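Novice: Provided below are the primary sequence and the corresponding predicted coordinates.
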Amino acid sequence: MSTFKKTLIILFVTIGLASCDVLTQVAQMANFANCKFNFNSVDQIQMLGVNLSKGMSKSDLNAAQLLSLANAIANKKLPVSFNVNVGVNNPNTIPASMSKMDYIVSLNGKEVISTTLNKSVSVGANSSSVVSIPITTDLFQLFSGESADALLNLAFKLAGASSEPVNVGLKVKPYISINGQQLAYPDFISMNKVLN
């Protein structure tokens, strides 16, 4: 039995919450330790409100979009939003569930965002699910020393354009809610994907 499972059992017996429902929730949370997490994809990329479709590059922008981009660069603002999709494979015979999740996303080693996804997720026994994590950031603020061209390459690379590889890192920490209390998984689960 893992240290995490032992800690959960001792905690709930100690505080007298060991009802059947609570133990089921604890078991489902503990199952996340046995789940396989995979960084599936990045999608729904938007830059300055423009949807960047797969393989799109700067040359695919129309005149109005190029003007908007030039203004943004002049003002040193390049807002980008995208979703990071994480596959969760539950090989257990009972569901794995969580009430919310803390997450940290980085691009090329620089932290983009550290926040919480307030969404419950349940992955059925012997099945898989995809959790979509929304990200919004400003590339100029994040990579303040980089050139405008490097930042544009990064944005278009998220959409699959050919340019320098981008390393997207992700750390997640699931929680369960028991009697109104949020109990966190003890460590972050780390994964990353290099977009070539």
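Specialist: Noted; the coordinates are in hand.

Novice: got any ranges where this structure has weak pLDDT?
Specialist: Scanning the chain for pLDDT under 70 picks out 1-33, 162-163.

Novice: try it again with 50
Specialist: Scanning the chain for pLDDT under 50 picks out 10, 12-18.

Novice: can you give me the helices for it?
Specialist: 3-14, 20-30, 63-74, 139-142, 148-158 (DSSP state H).

Novice: what does the third one rub up against?
Specialist: What it means is helix 63-74. Identification of contacts with helix 63-74 by Cβ atoms under 8 Å, 6 or more residues apart in numbering yields 47-48, 50, 58, 61, 78-79, 148, 152. All C-beta atoms are positioned from the backbone trio N, CA, C, and that covers glycine.

Novice: what do you get for the shortest one?
Specialist: When contacts are taken as Cβ under 8 Å, 6+ apart, the neighbours of helix 139-142 outside the stretch itself are 76-80, 107, 110, 112, 146, 151, 154-155.

Novice: again, only using 10 Å
Specialist: Residues outside helix 139-142 that contact it (Cβ atoms under 10 Å, 6 or more residues apart in numbering): 47, 72-73, 75-80, 106-108, 110-113, 146, 148, 150-152, 154-155.

Novice: just to revisit the earlier point, drop anything exposed from the contacts of helix 63-74.
Specialist: With neighbours counted by 16 or more other Cβ atoms under 10 Å, the contacts of helix 63-74 contain buried members at 47-48, 50, 61, 78-79, 148, 152.
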